[in-house]
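Q: My questions concern the predicted model and sequence given below.
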Amino acid sequence: MSAPAPILRVENLDVSFGETPVVLDVSLSVGPGECLALVGESGSGKSVTARSLIGLAGPGSTVRAGALEVAGVDARGLSPRAWRSIRGSKVGFILQDALTSLDPLRKIGKEIDDALRLHGSGSGAARAAKVVQLLESVGLDDPVRRAGQRSGELSGGMRQRALIASAIALDPALVIADEPTTALDATIAAAVLDLLGELRAAGSGMLLISHDLSTVSSVADTIAVMQAGRIVETGPTQRILGDPQHPYTKALLAAVPAGKPRFARLSPVTAIPATPEPGPAVPPVTPGDSMQLPVLSARSLSRSFKVPGAADFPAVKNIDFDLLPGRTLGVVGESGSGKTTTARMALGLLGPDTGSVELFGEPWSSVPESQRRTRRSWLGAIYQDPLSSFDPRHSVGQVLADALSFGATRNPRKHAGRITELLSLVGLAPELSVRNPATLSGGQRQRLAIARALAPNPRVLICDEPVSALDVSIQAQVLDLLDELQQRLGLGYLFISHDLSVIRHMSDTVLVMRAGEVVESGATESVFTDPRHPYTRALLAASPGISPGRLPR
Amino acid sequence: MSMDKNELSPGDPVLAPHPSKRPAPGTGGLRALAARLPLLLSATVLAFFLLAAIFPNLLAPYDPLAINPADAFSGPGPGHLLGTDESGRDIYSRIIHGARPSLLIGAAATAIGLGLALVLGTIAGFGGKWLDFGVGRVLEVLFALPGLLLALVFIALAGPGVGTTVVAVGLTTAPGYARMIRAQIIALRTSPMVEAATVLGRTRSRILAIHILPNALAPIAVLGTLGLGQAVVWAASLSFLGLGAPPPAPEWGAMLSAGRTYLALAWWMTFFPGLAIVLVAAASTVLSRAMKAAGAR
Amino acid sequence: MSLRAPYGRRSTRIARSTARWVLGKVGGGLFVLWAVSTAIFFGIRMIPGDPAEAIMGGPGSQASAEALAQARADYGLDQPLYVQYFGQLWRLATGDLGTSYSLKIPVAEVLGELVPPTLVLAVLALLVAWALALVVAVLSTRSGALGSALASGLEIVSAAVPHFWLASVLIMLFATALGWLPPVSTNAPAGLVLPVATLALPLAGFLGQVMRDTLNAAHRSPFALSARARGESETGVLLRHSLRHAALPGIALSGWAFGSLLSGAVVVESIFARPGLGRSLLSAVTARDIPMVTGVALLSAAAYVVIMAFSDLAERLADPRMAAS
Amino acid sequence: TTTPESGTDAGTPVAGGTLVYASGDAEPDCLDPHVGGNYPQALVSSQYLETLYTKAADGKLVPWLAEDSTVSADGLTRTVKVREGINFTDGTQLTAEAVKANFEHLLDPKTASSTGFLALGKIDSMKAIDEATLELKLKAPDNSLLESFSMPWVSIQSPVALKRSQEENCAAPVGTGPFKVASWKKQDAVNMVRNEDYVQPVATPGHEGAAYLDGITWRFIPEAATRYAALQAGEVQIIDNAQPDTIAAAAKSQGIEHLDAPRPGASNRIELNSSKAPFNDALVREAFIHAVNVNAGIDSLFFGTAPRSYSPLASVEPLAYSAESLFGYDPAKAAELLDAAGWTERDSEGYRIKEGERLSLTFPVSTSQSIPAEQSLFEQLQATAKESGIEVKINLLDLSSWYGELFKNNYNLVSAPYTKVGPSVLSILFHSDSTIPAPSGYFANLSQVKDPSLDALLETAGSTEDEAQRKDLYAQAQKLVLEGYYLLPLYNQQNHFLHSSKLQNVGTTTAVATPTFFDTWLAK
Ligand SMILES: Nc1ncnc2c1ncn2[C@@H]1O[C@H](COP(=O)(O)OP(=O)(O)OP(=O)(O)O)[C@@H](O)[C@H]1O
Ligand SMILES: Nc1ncnc2c1ncn2[C@@H]1O[C@H](COP(=O)(O)OP(=O)(O)OP(=O)(O)O)[C@@H](O)[C@H]1O
Ligand SMILES: [Mg+2]
Ligand SMILES: [Mg+2]
Ligand code: NI
């Protein structure tokens, strides 16, 4: 693939902030109509690389390159004015933070219009027409009205599309898209990727950045894998997916849960020390055993919320489920479908309007908090953002001491033994005990959250998007940990995620939610292989996988 | 133009030079020092006045009350560093000795303001819907009254004096603090941290005692530091209107107010006590901002 | 958030929420006025001193017992407290602010004369403070770390300067030493410079700190980066994006700022010998002129309520995020 | 720097121009000095109102709106002849009836006059005999009545105008003066315009008809520094209440002149409250007086603008009696006296104690009545008293609170000005009747002397028709209060004016030292 002159060619790119090198010796090349995917875990330098390509590496940066050609222009030593004439016209840039990349105070029409106006394209009226046409082309309904709205009035997917519209307004020869789908629901993400695919089909070169191999696998021609500022492996998509050479690439691929059966390891085996089992031994899970009593069950749960100036908004409508001991009940659905509301009702944090929740066959949601309190230790919870669930003033040891002593003390020394046990159970070094959770990495924080949830020996864990904030590789470790704990301790999980592949990998049974209702439920495999409801099918179709069948070429 | 500060390094192929027209700032060390200079200066200023408040005799060469009419209105110079006042008292010594009453008034007023705010804020943040509504209204009413009116009426009620000034200033500053503390408590009350504690089976009062109050109190150090400076200014304003510490106490506001009469003749009588107030207020702002930044991490 | 709601439902919802907003503001405002008048009514009656004496020209007057009794009867002070209270409430509700004890003319008339000069002063000071704060904030974004440190220092120091001290220093400098500006305030432009500067500088310091923080945050935000990636110049980013964000906290603070300006006016109007509310507030409190104090308090409370409503409105207009919540 | 006589003539008068006067006094609540009656009212009303009598530069009483006055042998009937051919600015004619209407207005409780009411307190009844003759029946002989007539608080206004509501009359009193009130913008200025039909009751040689100035803008600038800055900047042409240091500074500056006007009545003094401990002991009063160094303070603080006084009366009062020897600064003597009075021990702070009580004096100071220099003087007295082991607690208070403290007898020391023309002020300040509070709580005898022999002296002195006897009696009375150490005289009260040298011929001719501008002109 080296016939026409590349649209982007960069050689030996080095970027450092102050004394810290962030990008080292990166060379990339993108031809017209070609799509290069840059993948790698968080902090590996992908975004910095992308920003450097348009001369916006950031304050305090030092950028050096052996060669830098953008759309046929040697961009080294360009004046600010010359840079500005390239940005937006020759290169379209879609920022990573899609949700905040449009000025919340301005109409999106204006934002898109800026791109046109700055490069002197047409009269006001002509530009207005073009804005509407652009919005339409990215698939926004009612583009005239949308142009008059501000980003706060749009959903995440709409914002992402408006941002794309502003980036492609002048048909740039090169489009750089930094994590364009991370914040989106599966169905919307699929639509956005399709849109980018169209652009590429129209002849634009594309640099697509993602931390997630599965996302890019369906779109990219070439994949460059980045680790710690360096490109460790480059090659055609099929080769990278099918025959990864570098250990890091292998690990990345292994971490993708899609298509991995239940309990299959996603992360490289790290020695989790065997510790005495903290809870009573639980018989191993035997699939199909339906005689067990559910640990947590919900009967026709409903809940609506007051909306100022409008009718009550039903967030959850008439939900039933049973969670069996040692099993995982997956809940999947797009944003706003009522997953968290369901979880909060299950936790007894929110009273249902109708219906009830029972814990171990005893009333749970219908009794006052004082009667629930004694049974709280049976039920643990972990959240998407573990850090905010810790008291910022408490150290890791204090957090665990508090949980272990049922709130009686926060002195880690009183429970030193159990704390060490818990930490090693979740794969954390005991030395971390003195640290503040804020100083831990994302994966470590989630492990700590799990350790805290385990401290009172619960039988059920409610996990609300426990891995959606994590990198694939870290996600893999946490999922593996959860799997292992379930097997060892016989925990029942209510596992919530918007990520189908994660749900599929983790659950025994699954609920598919949409707009507060369960549209489909059943054994995971049957739901995934033989979806009944059209919505489930749409979800599955939108879900990226690494199945080579979905590869375009 | 803060976006790009790429450095030119000859020999290497270089990307776009930064769009800024200014030359790149000097060496890193100097820049780091410049960044920390305000904090250092502020800490020094506060430390100095704190020392003055605790051990005035250590720093002051003269008795702040000793009059010497023959020596009145001498300008700043070797004999009297910052000059003398209308009774020949040494201004520098008076400023040093004035640190204690001035800072004490400021600190006590801030303490009262914060204390009151804490009670109100806690009631509002934790006392349920109606109490919150009620306290909210009370705060709004307090806000709607100009601070000085509140202080004036209070002083008219209780008679002038240091104690009254302290309470008056505390009263005037309390609504602002209360609003912040209430917001803080409400934010904490609905925070995932509290939810997590609930899920762990903690009672409401435990959560209040262990998680909410301590965390709501953390920013109070920041507020208090900021408030100290402002309270000193407020108290000085009241002193200026003749409602502060009785003579001959070397309280800064009173000194300033006395000096104003002689502005044309002896500017130093007004300028230096005013400078002390400005220094303390500014330094406490810098310190509080630094504390806030450190807290935000 | 339902985004696909059809036009009709959306607009009636907005109309309804706007009506609720207006009702809420009016109701809240009336409550504040009632509470302020009540607080002042009882608060000031606890101050030692006989209101009748205040009417007769203060305790220094050697008013006879009959004269005092006459004054009490004239002003209804001989009636039981609750009668006086409800009487006052009724009068206030009907727009009658009563008669000043010391000036013996209707309070409304006095206020009518005093409000315009104070308003001119406060509004000008607010505008100047805004302008100063913005200029410093903008300049500091363009002049690197040192400039920004300098700006921050300037803001912090000016926010720390007491009004009365600043006024003295300004008079000394510009009126006495340089002779450029008149020391006594008039409504002529030159006469307004010093009082406005006295009020505006500390306020600019406060506003500046907040605005500059927001401006810098906006300048570094993803949407600013995206604008740059679109080919926007630094000036364009500033004008089209960052400045609007920086204005928001300024708007939010303006209600508070107006109140603080009124406190400042007490000092500034006395020093620069300007007629106005602030000065009369001081004299009314010292003269125990209850109707005047009540009038000034009500007026400033009303001003606060109105300004808060406006700043709220301005914020909602400037920031759709507010309106949505 | 003290030139009590009117400004010197420098050139030919020019007509026109508006004088801007900046007053440091509080703005009056009412421009009619009948209502209440304080010094700020006297200052401004002297421009548009005139009195029956006035004082010449030599201190002699001269008839002004009155032509003449006689008193019956028993001193109980006073006949006043009113000058003819004088009209108020509303066109009403000045008659005996008009004067009667004024006196009635003053004595009417509804008017709430205090100063004027006291001055006319001895009038029992009155009758206009004819157009120009008013006959007053007195309750008791009053030899200070004509002096009272010379005070602006007893000035004569149009009887027609007085019939208006108090609100209207306060806003624009109608008199016979060289100017008339055009408008009053509260907190800003009283605007006065020339009375074109002015007839001066006693003609000034060489100046007939109306005043030279088109009008006067009477502004209120309470801040002393601002006021002086305004004068320097040429915003105003004359300021009152000039502070001592400013006067000293102005002496050095070009284009600004200084004018002093000694006030009549009492001197500035500190009164020692003899009604309660520790000043119920004369030894302690005497000790205090020797313990404080007044002269050093006055020298350094007043820049020579305030001559020290050793008399209860202002030195412009012809009957003032001084006793310098009584008031020397002598700490040794003070110590001796205090030892004798039993204040022998000292506490840890060096203050004297007796029976466990500290020798502590409460001194409420009114911020509106005591100028800053005076407040500083008190601080210096406080400092010198401390050296003798006497604690002085100064409380700075606003006027209402200050009166509150006095009414509650919460003071050992107090300084209160009192301006009245003539020695009869002594009766107001030291007669035991003056210790009885008015319904408002007010009493003028702040040292609370209750001495029957003093009362007798003052009563006889106030009613005798024999000038020599009057002088002698008042001297005895003054000697008595001075030797009883009931007061510490400080300095003579003066009005200090600073004015632009463009302003020519400023006169301070009224009885209470307020300036008049009939003969004044603004040089171009
Ligand atoms: N302006 C900056 N100043 C200093 N360091 C920076 C700056 N921007 C990025 N970095 C550092 O550069 C490194 C690479 O960051 P970058 O944003 O490129 O990561 P990434 O691969 O895009 O990660 P993610 O998947 O989380 O977006 C990180 O360690 C980051 O902290
Ligand atoms: N306390 C609340 N008050 C009002 N509305 C609420 C409240 N909590 C949730 N909702 C609304 O209920 C709906 C369902 O919310 P929920 O958080 O359960 O969705 P979710 O499936 O967890 O979405 P996500 O994937 O984004 O977390 C949303 O429309 C949300 O706006
Ligand atoms: Mg990135
Ligand atoms: Mg959720
Ligand atoms: Ni910039």
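A: Perfect, I can see it now. Ligands and ions are numbered 1, 2, ... in the order given.
Q: Can you name the residue of chain A nearest to chain D?
A: Of all residues in chain A, the one sitting closest to chain D is residue A:105 (43.3 Å; Cβ to the nearest Cβ). Yep, even glycine has a C-beta here, placed from its N, CA and C like the rest.
Q: you'd agree that residue is in a helix?
A: No - Residue A:105: not assigned to a helix; according to DSSP: H, G, I helix; E, B strand; the rest coil it is coil.
Q: For burial, what's the neighbour tally of it?
A: 21 (other Cβ atoms under 10 Å in any protein chain shown).
Q: Count the residues that sit near the residue nearest to it when sequence neighbours are not counted.
A: Sequence neighbours aside, residue C:244 is the residue nearest to residue A:105 in space, at 4.9 Å (criterion: Cβ to Cβ, 6 or more residues apart in numbering or on different chains). Residues contacting residue C:244 under the criterion other Cβ under 10 Å number 18.
Q: can you give me phi and psi for residue C:244?
A: Main-chain torsions, residue C:244, degrees, to the nearest 10: phi -60, psi -40.
Q: dump the residue contacts of residue C:41.
A: C:85, C:88, C:290, C:294 (Cβ atoms under 8 Å, 6 or more residues apart in numbering or on different chains).
Q: and the helix or strand hosting it, how far from the chain's centre?
A: Using DSSP states H and E, the element containing residue C:41 is helix C:7-45. Centroid separation between helix C:7-45 and its chain, computed with Cα atoms, centre = their mean, to the nearest Å, is 19 Å.
Q: Name the residues that touch stretch C:115-126?
A: Contacts of stretch C:115-126 (Cβ under 8 Å, 6+ apart): C:187, C:192, C:195-196, C:199-200, C:203, C:254, C:257-258, C:261-262, C:264-265, C:268-269, C:274-278, C:299.
Q: list the buried ones in it?
A: C:117-118, C:120-122, C:124-126 (16 or more other Cβ atoms under 10 Å in any protein chain shown).
Q: Let me have the residues you listed in a markdown table, adding distance to residue A:159 and pLDDT as columns.
A: As requested, the buried residues of stretch C:115-126 are exported to a markdown table (distance: Cβ to Cβ, whole Å; pLDDT from 0 to 100):
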| residue | distance to residue A:159 | pLDDT |
| --- | --- | --- |
| C:117 | 50 | 87 |
| C:118 | 46 | 88 |
| C:120 | 45 | 88 |
| C:121 | 45 | 90 |
| C:122 | 41 | 89 |
| C:124 | 41 | 91 |
| C:125 | 40 | 92 |
| C:126 | 35 | 90 |
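Q: List just the nearest of the residues you listed to residue A:267.
A: If you rank the buried residues of stretch C:115-126 by distance to residue A:267 using Cβ to Cβ, residue C:126 comes first, at 59.7 Å.
Q: Stretch C:196-207 and chain D, are they touching?
A: No - on the criterion Cβ under 8 Å from any Cβ of the partner chain, stretch C:196-207 is out of touch with chain D, staying 12.0 Å away.
Q: Touching that stretch from outside, list them.
A: So stretch C:196-207 is contacted by C:121-122, C:124-126, C:128-130, C:132-133, C:136, C:154-163, C:166-167, C:170, C:250, C:253, C:257, C:260-261, C:264-265, C:268, C:271-272 (Cβ under 8 Å, 6+ apart).
Q: model confidence over that stretch, on average?
A: For stretch C:196-207, mean pLDDT is 91.
Q: can you count the residues close to the one residue in the stretch 101-250 of chain D that gets nearest to ligand 2?
A: Ligand 2 sits closest to residue D:187 of the stretch 101-250 of chain D, with a gap of 54.0 Å, by Cβ to the nearest ligand atom. Neighbours of residue D:187 under the rule other Cβ under 10 Å: 21.
Q: Please state the backbone phi and psi of it?
A: Dihedral angles (degrees, to the nearest 10) for residue D:187: phi 70, psi 0.
Q: Let me see the contact set for it.
A: Contacts of residue D:187 by Cβ under 8 Å, 6+ apart are C:114, C:275-276, C:279-280, D:27, D:220.
Q: Which ones among the residues you listed lie within helices?
A: C:114, C:279-280 (DSSP state H).
Q: Make CSV from those and add neighbour count and pLDDT to it.
A: Below are those laid out as CSV (neighbours: other Cβ atoms under 10 Å in any protein chain shown; pLDDT from 0 to 100):
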residue, neighbour count, pLDDT
C:114, 25, 85
C:279, 27, 81
C:280, 30, 83
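Q: Which of the residues you listed sits closest to ligand 2?
A: residue C:114 (48.2 Å).
Q: Excluding residues flanking it in the chain, which one is nearest that closest one?
A: Here the residue nearest residue C:114, using Cβ to Cβ, 6+ apart, is residue C:277, at 5.0 Å.
Q: Verify the stated contact: that neighbour with residue C:299.
A: Yes - Residue C:277 is within contact range of residue C:299, at 7.0 Å (criterion: Cβ atoms under 8 Å).
Q: that older thread, using neighbour counts, pick out the buried residues of the helix holding residue C:41.
A: Buried, per 16+ other Cβ under 10 Å, within helix C:7-45: C:21, C:25, C:28-29, C:32-37, C:39-41, C:43-44.
Q: any idea which element the closest residue to residue C:229 other than its chain neighbours lies in?
A: In this structure, residue C:229 finds its nearest non-sequential neighbour in residue A:93, 3.7 Å apart by Cβ to Cβ, 6+ apart. Using DSSP H and E, residue A:93 sits in strand A:91-94.
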